[in-house]
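Participant: show me the folded form of this:
(2 chains)
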Amino acid sequence: MKIIAVFKWSRNPQDGRVGMNGTLDWRGVKMAPNDDDPAVMEVANAIVEDGEIIGLTIGDGDIAWAAARGAARTMVVTDAQTETDSSVTAAVIAAAIKRVEGVDAVIIGDSVWDYGVVSALMGQLGWPAVAGVVSAAKEQGRLRVTRKMGTASQVLEVEGPVVLAAAANREEKNAPGMKEVLFARKKPVERLTMADLGLAPAGDVSSKGTRFPDTPPARMIDGKDPVAACKELMAALRSDGVL
Amino acid sequence: MNMKSWIIIIDERRAGGMLDAAKKLGGQVTAAVVGSRALADSIAKLGFDQVLCFETAEGIPAEAYALQVAEAAKAAAPRLVLASDSSVGRMLLGSVAAKLNATMIGAVRLLAVDGESIVASRSTADGKLLEDIEVPGALAAIFDGEDVEASSTKPVPVELMPVEDPGTTMRMVETIEAEEAAGLLTAARVVGVGVGLASKDDLKLIDDLAAAMHAEKACTLPVCDDMRWFPSNRVVGSSHSQIAPELYIAVGISGQPQHMSGIRDAKVVVAVNNDPEARIFKNCDYGILGDLYKVVPELISAFKNNG
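Facilitator: The predicted model follows:
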């Protein structure tokens, strides 16, 4: 199979610096693989057989991340970044995917960092798409994917080309060592720009800024005196009507 | 100003919250149910102005109807389309967004109108902030706001939409139900345990607390996958069970987003943690900053005496 593994398309929401006045400062924060990106490579490696995995990423950050985990080569849209409108970000990724002939599957992390990009990409490619995928396998030439739905697992058979959003159900096992990382940096990289894709940085939505939510902060109780702390908590819970 | 809204429904989760959010913008609110007729009948009692049913065939996943739903949405031309963050709903929303050439925004907590624009307030910076985004055109939003009880004394008739056989590109092979987690999904009280617990032997503390509270037990993903202290049907999180108890007490849980999305609908969340920087303290109602090995025994006594 020819598989495009989309990775590192967002910044880690935990890395943004929150100011006292509710501002958000992303200066110096690079894009990072999300918690589900290792699952992307796991699923890709499980179904690639004698085909090829092509890594696809945007913006700054570690370009060799997918190559260190099995991608034969990597495409990067260097001047793209995560936009406020997820449809715009997805359009960049979709345009890069469409440059590649004969793709059988696109796999992207089903990341809580930004579900919008995943949904928009699935819609824009217009292929059969499944989210929440925890594993996949080729059986008698057909692609079977397993997704988690609450406490149940569903096994689906999907005909390609397909888009799969892979969801991690554990932390990455067997992360590549220095040897794999150094080798990955020698693999081919195709550097693209938005202009190469016929796209202009745009979008007609605008951020009006950030603010703290109106919801009150947690009531903190000092646990140094556990008896007093529990007494205070129980009184509060009774007051809330949950006891 | 066209403020027609479509809400894509694949189950009842957050249906009331999405209806409430859309109604506040004014205009007609349509439920586009993709699933069974029984689900559509149930949704018709919530107070939507219109309920459309894209009835799915046995063994065919809802996603297989995505293009048909998107075509119908294009014909209706809603200004706003909402879906919950379920994996199926998000996929259907993506198809509709592409067909409408709509802006897509995830993690939307609140919606408002400002002049000719919709203002979507989405959760950002790991839930610490809200970002207000002004959208002048069509908006497809993944709704992550509060759920709201909804009902109507005048159910609307369900309109069955003509659907074509989507073919064999996607089909359900099997559904494997996990062994039931003895009422975790419907429990009024739940105790959750994270990797702050030092050893498996210490689970006795959690057992005792759950017994004192008359609560079900749950855990985070690492406690199941890495520590193997609980089976997977006890995991609460975005890829596992999502629960809505009256009271959730998180013991030794740091508050990773994966876990927190599973307790978003809990009424009251209490966290016990000795790390003042633990993220769960940003997303709970009450936080006890202290050693769980000293606090939990007192909690057990307190619940035995009061709960």
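Participant: use CA for all of it now, contacts and neighbours both
Facilitator: OK.
Participant: where's residue B:258, which helix or strand?
Facilitator: Secondary-structure assignment from DSSP states H and E places residue B:258 in helix B:257-260.
Participant: just the pLDDT for residue B:1.
Facilitator: Listed pLDDT for residue B:1 reads 66.
Participant: so where's the longest strand in chain A?
Facilitator: With DSSP state E applied, the strand covering the greatest number of residues in chain A is identified as strand A:129-139.
Participant: which elements pack onto the biggest helix by length in chain A?
Facilitator: In chain A, with assignment by DSSP state H, the single longest helix is helix A:226-240. Applying 3 or more Cα pairs under 8 Å, 6 or more residues apart in numbering or on different chains; DSSP states H and E, we find helix A:226-240 packed against strand A:219-222, helix B:292-306.
Participant: residues contacting the closest residue to residue B:87 other than its chain neighbours?
Facilitator: Of all residues not flanking residue B:87 in the chain, residue A:131 sits nearest, at 5.2 Å (Cα to Cα, 6 or more residues apart in numbering or on different chains). Contacts here follow Cα atoms under 8 Å, 6 or more residues apart in numbering or on different chains; on that basis residue A:131 touches A:110, A:147, A:164, A:165, A:166, A:167, B:87, B:88, B:91.
Participant: so which of those residues comes closest to residue A:211?
Facilitator: Proximity of the contacts of residue A:131 to residue A:211, judged by Cα to Cα, is greatest for residue A:110, which lies at 26.6 Å.
Participant: which SS class is the closest residue to that closest one other than its chain neighbours?
Facilitator: Distances taken as Cα to Cα, 6+ apart put residue A:165 closest to residue A:110, at 4.7 Å, once the chain neighbours are dropped. Remark: residue A:165 carries the secondary structure label strand [criterion: DSSP: H, G, I helix; E, B strand; the rest coil].
Participant: can you check the one 5 residues further on too?
Facilitator: Following three-state DSSP, we place residue A:170 in the coil state.
Participant: so it is in contact with residue B:222, correct?
Facilitator: Yes. The criterion here is Cα atoms under 8 Å, and residue A:170 meets it with residue B:222 at 6.9 Å.
Participant: just the endpoints, please. Distance across stretch A:175-192?
Facilitator: This stretch, stretch A:175-192, spans 28 Å end to end (Cα to Cα, to the nearest Å).
Participant: what residues of it count as buried?
Facilitator: Of the residues in stretch A:175-192, those scored as buried under the neighbour-count criterion (16 or more other Cα atoms under 10 Å in any protein chain shown) are A:181, A:184, A:185, A:189, A:192.
Participant: and of those, the nearest to residue B:188?
Facilitator: Minimum distance to residue B:188 across those is 48.6 Å, recorded for residue A:181 (Cα to Cα).
Participant: what comes into contact with the helix holding residue B:258?
Facilitator: Residues outside helix B:257-260 that contact it (Cα under 8 Å, 6+ apart) are A:112, B:126, B:220, B:221, B:236, B:237, B:238, B:239, B:280, B:283.
Participant: pick the one among these closest to residue B:291.
Facilitator: Minimum distance to residue B:291 across the contacts of helix B:257-260 is 15.3 Å, recorded for residue B:280 (Cα to Cα).
Participant: in a helix, the closest one, correct?
Facilitator: Yes. According to three-state DSSP, the state of residue B:280 is that of a helix.
Participant: who's in contact with it?
Facilitator: For residue B:280, the contact set (Cα under 8 Å, 6+ apart) comprises B:253, B:254, B:255, B:256, B:260, B:271.
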